[in-house]
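J.: Task: produce atomic coordinates for the following.
(one chain, ligands or ions: 1)
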Amino acid sequence: MTEKKLTPKQLEKYKNLLLKERDEAQKMISTIDEMQKKGSKDSSGDLSSYSIHQADLGTDTINAEKNVYHLNRCIEKVKNINQALHRIHDETYGLCEMCGAVIPSKRLNVLPFAKQCIDCKSKSEEKQRRNR
Ligand SMILES: [Zn+2]
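T.: Numbering: from 1, shown residues only. As a prediction, the model looks like this:
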């Protein structure tokens, strides 16, 4: 099962896809960032009106934790996308970083910043599980 190397046309397609995804992730980061800032401003203000708006403070804590989780995921994504764009430039994009095999386009369509083929990915995940 040898997959062909990506054509310049395909590379162009993934590049646009990556740029679009990076744009969305960056928008998400600034949205969460603003929410965090707004949240801390509110809590230092009038607490009586604050608790009415927020229903209870418990959910607010959970939301803040969720935001941090999302924020970290988005930052991680932007990092991965930047690396993928770099690989397009280096002409190593679409190749597995572990075994050098061509990553099937089916996988790249779902995960354009994938750096490992499915085999290596599941192998490294299995290793991580065992090390835990
Ligand atoms: Zn591989």
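J.: Let me know the helix or strand that the spatially most central residue of the chain is in.
T.: A centroid search over the chain (CA atoms, centre = their mean) returns Lys77, at 2.5 Å, as the residue closest to the centre. For Lys77, the enclosing helix or strand under DSSP states H and E is helix 57-90.
J.: Which elements pack onto that helix?
T.: Judged by 3 or more CB pairs under 8 Å, 6 or more residues apart in numbering; DSSP states H and E, helix 57-90 is in contact with helix 8-44. Every C-beta, even on glycine, is put in place using the N, C-alpha and C of the backbone.
J.: ok and the helix it packs on relative to helix 57-90, angle-wise?
T.: For helix 8-44 against helix 57-90, the angle by axes from the mean of the first three to the mean of the last three CA atoms, to 10 degrees is 150 degrees.
J.: Could you give the separation of helix 8-44 from the chain centroid?
T.: 9 Å (CA atoms, centre = their mean, to the nearest Å).
J.: By mean pLDDT, point me to the weakest helix or strand of this structure.
T.: helix 47-54 (a mean of 48; mean pLDDT, DSSP states H and E).
J.: how many neighbours does Asn109 have?
T.: 12 (other CB atoms under 10 Å).
J.: element containing it, please.
T.: Under the criterion of DSSP H and E, Asn109 resides in helix 105-110.
J.: and the helix or strand just after that helix, does that touch the ion?
T.: Following helix 105-110 in sequence order, the next helix or strand is helix 118-131 (DSSP H and E). Yes. Judged by CB under 5 Å from the ion, helix 118-131 and the ion are in contact via Cys120.
J.: Tell me the buried residues in helix 118-131?
T.: Cys120, Lys121 (16 or more other CB atoms under 10 Å).
J.: same question, stretch 26-38
T.: Met28, Ile29, Ile32.
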